[in-house]
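Asker: Predicted structure and sequence below. I'll ask about it afterward.
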Amino acid sequence: MPESTFLSRLSRATRRPRLPVLSPQALTLLACLAFTLFYNQRFWSAVMAAAPPAGLADWGQIAGYGVVMTALQLVVFLPLVNRLSVKPLLSLLVLIAAAVSYFTGHYGTYFDTHMIDNVLQTDTREAGELLTPGLALYLLVFAGLPALLIWRWPLRQRSWQRGLGMSLLWLAGGVGVLAVSLLLSFQSLSSLMRNHHEMRFLVTPGNALVSTGQVMAASGPLPEERLPIGEDAHRQASATGTPRLLVMVVGETVRAADWGLSGYSRQTTPRLASRDVINFHEVTSCGTNTAVSLPCMFAPIGKGNYDERYIKSHESLLDVLKHAGYQVAWIDNQSGCKGVCDGVEHYAPSPEAYPTLCDEHDCRDGVLVEELKQRLASVTDDTVIVLHTLGNHGPSYFQRYPEDFRAFTPTCEEADLAQCSQASIVNSYDNAILYTDSVLDELIGVLEQQRSLATAMLYVSDHGESLGENGLYLHGLPYAIAPDEQTRVPMTWWSSPAFDQTAGLERDCLAEQATQPVSHDNLFHSLLGVLGVESDVRDPRLDISQECHATMG
Ligand SMILES: [Zn+2]
């Protein structure tokens, strides 16, 4: 056998099986089919859970949903597809679909507009913790390999006129299939969507694309200057003449279910429990993520008539306090205040200044107490200081506390929660609360030593967290279906006798109020109430302390 023939045979034999030549439209259909089959596990398990298939007819129904999903995504993508755009477009879609399906699959994340908002507002440090080896591997398999396949796929060469003709034909076909499949499964599909409204946020990658589009469309220009609220605000003079200092501590991702004071079977708040604090027993958050909850906590409108645009385009509680003559500052140990502190002094402790409390990425929340101590000497007038903690920010709970607080073991020492048992995840999470307890205890210790100030502290968390209950992790589920773990938060009040006297606050009355259900909606109005601030924006019906003032009211 001549050598050249042998070589050509060998090369033919070892050549990869050839991929069939496809039109850009056919390749898009293939991608949409793959999305339906391989990137929507969570959607399909939600469908099965909502209506467990009993017979062949039910399975047919489910197959019908698959046809609808595929045709719908196809019809949306087809107008963007031509011979030049198809490969970059499909590669991008595959990457988005892979990332979205990883988070929905592993953490039960729903990609609605709040989640996209949260993603867009996440800083690189927070994002860094979510970039685990598990995610990298998943992306390699579900984005890298498919993208490689897409780029190698041979495409049919056509003149642009014929290409356009094909495009229109495909689109007509896609719309036809969509219409027929919709008609056939309309009844069951519409009742499914009516009863499980949130399920649409699981359709991948459409969920991320539609929600991003909605966020973009809604984020039209806001007014350059935030509109003022409560400009009429004024403070009642301190009853004793002693300046008031209220420190508000904003918790992060701490849930009531694991808060010792709120009845958790583990004592995660031993130090606060030994102090004379008032713990609110049933507190619901405004949102299930920081981007919603944090601005909402400082706004006059709460969850009841939540309006993101209104909140973003108006001043916050802190500005009202300033109008009333309070000194206000925000000290941040997190990714910022989401606009809440724009009108007041705000800063973050510098990690270099606290080498024992900070590494190159994060500082422990103890830095906030240190920063507060620095400021105290200069507090001579009514003042409110907000300390924004890193709290239990996930998924790296184990990085939120020093070694001495590793009381509950074994702990999960991984950002990739899938690598840990639920018990070890809870242990790490609880250790972080134990540390928060000690930070608050130290803070109260500092405040009670201030003889020339009437001091008080309010601690309240922004939202809760799922730690594996029902297969859910982290937070950010649409509120309507979010479990209590994500929406019930701890809230704890401490005040010095001097503060109670200054504010004319009856402690027993407040303790009684604390047994009633309250929510983030009450914060704005109650803080104005205890601080003796009067303004048209304060709604006394939402002020928890309204009935507890001895000399005011
Ligand atoms: Zn948060």
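Answerer: The structure has been received and is ready for your questions.
Asker: Return the per-residue confidence for the residue of the stretch 301-450 of the chain found nearest the ion.
Answerer: The stretch 301-450 of the chain approaches the ion most closely through residue 393 (7.1 Å), counting by CB to the ion. C-beta: built from backbone N, CA, C; applies to glycine. At residue 393, the model reports a pLDDT of 94.
Asker: what does the one 4 residues further on give?
Answerer: According to the predicted model, the pLDDT of residue 397 comes to 96.
Asker: Burial check on it, number of neighbours?
Answerer: Number of residues near residue 397 (other CB atoms under 10 Å) recorded here: 29.
Asker: Name the helix or strand for the residue nearest to it when sequence neighbours are not counted, please.
Answerer: In space, residue 397 comes closest to residue 428 once its chain neighbours are excluded; the distance is 3.9 Å by CB to CB, 6 or more residues apart in numbering. Under the criterion of DSSP states H and E, residue 428 resides in helix 422-448.
Asker: Give the buried residues for that helix.
Answerer: Using 16 or more other CB atoms under 10 Å as the test for burial, helix 422-448 gives 424-444, 446-448.
Asker: Could you verify my assumption that the residue nearest to residue 397 touches residue 409?
Answerer: No: between residue 428 and residue 409 there is no contact under CB atoms under 8 Å: 9.3 Å.
Asker: which ones are touching the nearest residue to residue 516 once chain neighbours are set aside?
Answerer: Spatially, and ignoring its direct neighbours in sequence, residue 516 is nearest to residue 282 (7.6 Å; CB to CB, 6+ apart). Applying CB atoms under 8 Å, 6 or more residues apart in numbering to residue 282 gives the contacts 256, 488, 516, 517, 518.
Asker: now stretch 289-296, how far from the centre of its chain.
Answerer: Centroid separation for stretch 289-296 versus its chain: 8 Å, with CA atoms, centre = their mean, to the nearest Å.
Asker: Could you number the chain from 47 rather than 1 from now on?
Answerer: In the new count, where the first residue is 47, that last one comes out as stretch 335-342.
Asker: contacts for that stretch?
Answerer: Contacts of stretch 335-342 (CB under 8 Å, 6+ apart): 160-161, 163-164, 167, 296, 298, 331-333, 348-349, 352, 354, 357-358, 362, 383-386, 508-509, 521-522, 566.
Asker: what does stretch 183-192 give?
Answerer: Stretch 183-192 has contacts (CB under 8 Å, 6+ apart) with 77, 80, 84, 85, 140, 141, 143, 144, 145, 147, 148.
Asker: If I look at the closest residue to the ion within the chain, what pLDDT would I see?
Answerer: Going by CB to the ion, the ion is nearest to residue 336 of the chain, at 3.1 Å. According to the prediction, residue 336 has pLDDT 93.
Asker: okay, now it: neighbour count?
Answerer: Residue 336: 26 neighbours (other CB under 10 Å).
Asker: how far away is it from residue 90?
Answerer: Per CB to CB, to the nearest Å, residue 336 is found 30 Å from residue 90.
Asker: Excluding sequence neighbours, find me the nearest residue to the residue nearest to the spatial centre of the chain.
Answerer: Per CA atoms, centre = their mean, the C-alpha nearest to the average position across the chain is that of residue 335, at 3.0 Å. Excluding the flanking residues, the one nearest residue 335 by CB to CB, 6+ apart is residue 522, at 4.3 Å.
Asker: neighbours around the one you found, how many?
Answerer: Residue 522: 28 surrounding residues under other CB under 10 Å.
Asker: now do residue 426
Answerer: Neighbour count of residue 426, defined by other CB under 10 Å: 10.
Asker: Next: residue 122.
Answerer: Residue 122: 14 neighbours (other CB under 10 Å).
Asker: Just the buried residues of the helix or strand containing it, please?
Answerer: Element membership for residue 122 (DSSP H and E) is helix 102-123. Using 16+ other CB under 10 Å as the test for burial, helix 102-123 gives 107, 110-121, 123.
Asker: same question, stretch 259-268
Answerer: Residues of stretch 259-268 classed as buried by neighbour count (16+ other CB under 10 Å): residue 261.
Asker: Which residue ranges make up each domain of the chain?
Answerer: Under the assignment the TED database, the domains of the chain span 70-262, 282-342+357-551.
Asker: weakest of these by average pLDDT?
Answerer: domain 70-262 (a mean of 88).
Asker: Hmm, residue 487 and residue 415 touching each other?
Answerer: No: here residue 415 does not reach residue 487: they are 9.8 Å apart, not a contact under CB under 8 Å.
Asker: Let's see which of the contacts of residue 328 end up in strands.
Answerer: Using DSSP state E, the subset of these located in strands is 563, 564.
Asker: same for the ion: which of the contacts of residue 328 are within range?
Answerer: The subset of these lying close to the ion, counting by CB under 5 Å from the ion, is empty.
Asker: any idea which of the contacts of residue 328 is closest to residue 291?
Answerer: Among the contacts of residue 328, residue 564 lies closest to residue 291 (CB to CB), at 23.4 Å.
Asker: related to what we said a few turns ago, tell me how far the helix holding residue 474 lies from the chain's centre.
Answerer: On the basis of CA atoms, centre = their mean, helix 468-494 sits 21 Å off its chain's mean C-alpha point.
Asker: before we move on, what about stretch 186-202?
Answerer: Chain-centre distance of stretch 186-202: 32 Å, with CA atoms, centre = their mean.
Asker: So which bits of it are buried?
Answerer: Residues 188, 189, 190, 192, 193, 195, 196, 199, 202 are the ones in stretch 186-202 that count as buried (16+ other CB under 10 Å).
Asker: could these go into TSV alongside secondary structure and distance to the ion?
Answerer: Output for those, formatted as TSV (DSSP: H, G, I helix; E, B strand; the rest coil; distance: CB to the ion, whole Å):
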residue	secondary structure	distance to the ion
188	helix	28
189	helix	28
190	helix	32
192	helix	34
193	helix	33
195	helix	39
196	helix	37
199	coil	43
202	coil	50
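Asker: Widest-spaced pair of those residues?
Answerer: 188 and 202 (26.7 Å).
Asker: returning to what we had before: next SSE after the helix holding residue 474?
Answerer: Next element after helix 468-494 (DSSP H and E): strand 500-507.
Asker: Can you tell me the strand partners of the next helix or strand after that next one and which way each runs?
Answerer: Heading C-terminal from strand 500-507, the first helix or strand you meet, by DSSP H and E, is strand 512-513. Its sheet considered, strand 512-513 pairs with strand 519-520 (antiparallel) by DSSP bridges.
Asker: Is any residue of the partner strand near the ion?
Answerer: No: against the ion, strand 519-520 shows no contacts by CB under 5 Å from the ion, the least distance being 10.2 Å.
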